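> Whatever this is, show me its structure:
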Amino acid sequence: MPVIVDMKSIQNAASKVANSRAFKKEQQECIQGALLGRVRLDIEGGTIHTAEEAAEKFVDVLKNHISTSGLSPNAAGAISDFTIGSPACSGSKCTIKVSFAGNMHRQSLAPSVYPGGIDNLEELLDQGVSHTMRPVYGEWNGQKIRSRTTINGAYFIDAAMRDFLAGYGKEYNVTDINVEYEH
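Below you'll find the model as predicted:
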């Protein structure tokens, strides 16, 4: 005795549930939970990495670029520590802040002429600088030195972003990296 099932009515009911606000909210909470590491989702062909795992991988790539950028060991060492913030999620996207740790300020060699010093050492080493001023002389780490008026940028941040997105972006579900220097 055949049983006839109206698949159209089942599909309509399933469609109503899938398109409901409650279902979409539950789906977003599940996605956020996976990105924050609270929920483990097994997917075909791999796993979903958390936002923190993506940030840690980016820091690894960035550290590699810093170490191979041609910076002196002293300069590279000054920008080798990082902090990773807590992820902030909105909808199906999470943002996590990665920052250089430690003091990125360096005192001026001539504080009477240039009292401010350098506030963003990481930006200076990454982007470089070319001043039209004359060099100043001062003492740094117990040695008398002359300031540089031109510093070529190492561009390690752009290189790390490009390599991370090309090599790991899909695996870690990262679609963009925004650089913001704190001024």
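> need the strands for this structure, in chain order.
Under the criterion DSSP state E, strands of the chain are mapped to 42-43, 46-47, 82-84, 88-90, 93-95, 98-100, 128-130, 137-140, 143-146, 150-152.
> Kindly reformat these as JSON lines containing mean neighbour count and mean pLDDT.
For glycine as for every other residue, the C-beta is placed from the backbone atoms N, C-alpha and C. Output for the strands of the chain, formatted as JSON lines (neighbours: other Cβ atoms under 10 Å; pLDDT from 0 to 100):
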{"stretch": "strand 42-43", "mean neighbour count": "8", "mean pLDDT": "56"}
{"stretch": "strand 46-47", "mean neighbour count": "10", "mean pLDDT": "64"}
{"stretch": "strand 82-84", "mean neighbour count": "15", "mean pLDDT": "93"}
{"stretch": "strand 88-90", "mean neighbour count": "13", "mean pLDDT": "79"}
{"stretch": "strand 93-95", "mean neighbour count": "17", "mean pLDDT": "80"}
{"stretch": "strand 98-100", "mean neighbour count": "17", "mean pLDDT": "93"}
{"stretch": "strand 128-130", "mean neighbour count": "12", "mean pLDDT": "82"}
{"stretch": "strand 137-140", "mean neighbour count": "12", "mean pLDDT": "78"}
{"stretch": "strand 143-146", "mean neighbour count": "10", "mean pLDDT": "82"}
{"stretch": "strand 150-152", "mean neighbour count": "12", "mean pLDDT": "85"}
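> Looking at the ones you listed, spot the one closest to Ala75.
Among the strands of the chain, the nearest to Ala75 by Cβ to Cβ is strand 150-152 (9.5 Å).
> who does the closest one touch, helix- and strand-wise?
strand 128-130 (3 or more Cβ pairs under 8 Å, 6 or more residues apart in numbering; DSSP states H and E).
> on that earlier part again, redo the strands of the chain as a markdown table? Include distance to Ile177.
Shown next, in a markdown table, are those (distance: least, Cβ to Cβ, whole Å):
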| stretch | distance to Ile177 |
| --- | --- |
| strand 42-43 | 23 |
| strand 46-47 | 21 |
| strand 82-84 | 13 |
| strand 88-90 | 15 |
| strand 93-95 | 10 |
| strand 98-100 | 9 |
| strand 128-130 | 20 |
| strand 137-140 | 33 |
| strand 143-146 | 35 |
| strand 150-152 | 23 |
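> Sounds good, over and out.
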